[in-house]
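*Asks:* Here is a sequence together with a model predicted from it:
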Amino acid sequence: MRRDGAANRERILLAAEQVFGTGGAAASTEEVARQAQVGIATVFRHFPTKQDLIEATAVRYLGKLEGETRRLTGEAEPGQAFASLVRTLVSTGATKMALLNLLPGDGYEVAGPVTTAAHNFLDAIGMVLERAQSAGAARQDATVDDVSTLVRALAHVAAPGEDEAVERAVGIVLDGLGVRR
């Protein structure tokens, strides 16, 4: 792919993350094109259907979250790394849920790259959780599914301007997970 084509693709995916992450199913590819500052034909040249664009956006977003999560495995204090992960996932959860809700099933059932990206992301969460558990900084019986459920619940109710209440709720969840922070 030519350099300008790759740059256009990246701008489209960044715009799609914003547009679909906030607008959900009502969001349009025309708005993606406008925010990416490209023509609608350019969007469809890279992504023949809206579903292709949504899937590519979800893969990119999950990959970004996976990278941030894997970075935390190198943090010195496992409990703090896990607490940071939960906070990050809650703050980014609304966008992730909006993107996955646009996919068939629960977003984890789509074949191909989305499924791979979702499993890689969940594996990365597991690495951070296991590290915290090994250090005695998190409950031994907590699972990735537990963390995912709690994070989705917090992200679902987190509203702009309620940072203090959300942080308090995150603290309660971390306490329940036995996280030493």
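*Replies:* Perfect, thanks for sending it.
*Asks:* Identify the residues contacting Gly24.
*Replies:* By C-beta atoms under 8 Å, 6 or more residues apart in numbering, Gly24 lies in contact with 98, 101-102. C-beta: built from backbone N, CA, C; applies to glycine.
*Asks:* So what does it look like in phi/psi?
*Replies:* phi 60, psi -140 (degrees, to the nearest 10).
*Asks:* now swap in Ala137 and tell me
*Replies:* According to degrees, to the nearest 10, Ala137 has phi -100, psi 10.
*Asks:* and the strand or helix carrying Ala7, how far out from the chain's middle?
*Replies:* Secondary structure from DSSP states H and E places Ala7 in helix 3-23. Put simply, helix 3-23 sits 16 Å off its chain's centre (C-alpha atoms, centre = their mean, to the nearest Å).
*Asks:* Run a quick neighbour tally on the closest residue to Ala155 other than its chain neighbours.
*Replies:* Leaving out its chain neighbours, the residue that sits closest to Ala155 by C-beta to C-beta, 6 or more residues apart in numbering is Gly93, at 2.4 Å. Each residue near Gly93 was counted by other C-beta atoms under 10 Å, and the total is 19.
*Asks:* just the one 5 residues further on next, same as before
*Replies:* For Ala98, the tally of surrounding residues (other C-beta under 10 Å) stands at 20.
*Asks:* Downstream of the host helix or strand of it, the next helix or strand is which one?
*Replies:* Taking DSSP H and E as the definition, Ala98 sits inside helix 78-101. Proceeding N to C from helix 78-101, the next assigned helix or strand is helix 113-134, under DSSP H and E.
*Asks:* Tell me which other helices or strands that next one touches.
*Replies:* helix 50-72, helix 78-101, helix 144-157 (3 or more C-beta pairs under 8 Å, 6 or more residues apart in numbering; DSSP states H and E).
*Asks:* Relative to Leu174, which of the ones you listed is closest?
*Replies:* helix 78-101 (5.5 Å; C-beta to C-beta).
*Asks:* my read: Val179 touches Gly136, true?
*Replies:* No: applying C-beta atoms under 8 Å, one finds Val179 not in contact with Gly136, separated by 10.6 Å.
*Asks:* one step back: got TSV for the contacts of Gly24, with distance to Glu162 too?
*Replies:* Output for those, formatted as TSV (distance: C-beta to C-beta, whole Å):
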residue	distance to Glu162
Ala98	18
Asn101	21
Leu102	25
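*Asks:* Name the nearest of those residues relative to Gln35.
*Replies:* Nearest to Gln35 among the contacts of Gly24 is Ala98, at 15.5 Å by C-beta to C-beta.
*Asks:* residues contacting that closest one?
*Replies:* Ala98 is in contact with 20-22, 24, counting by C-beta under 8 Å, 6+ apart.
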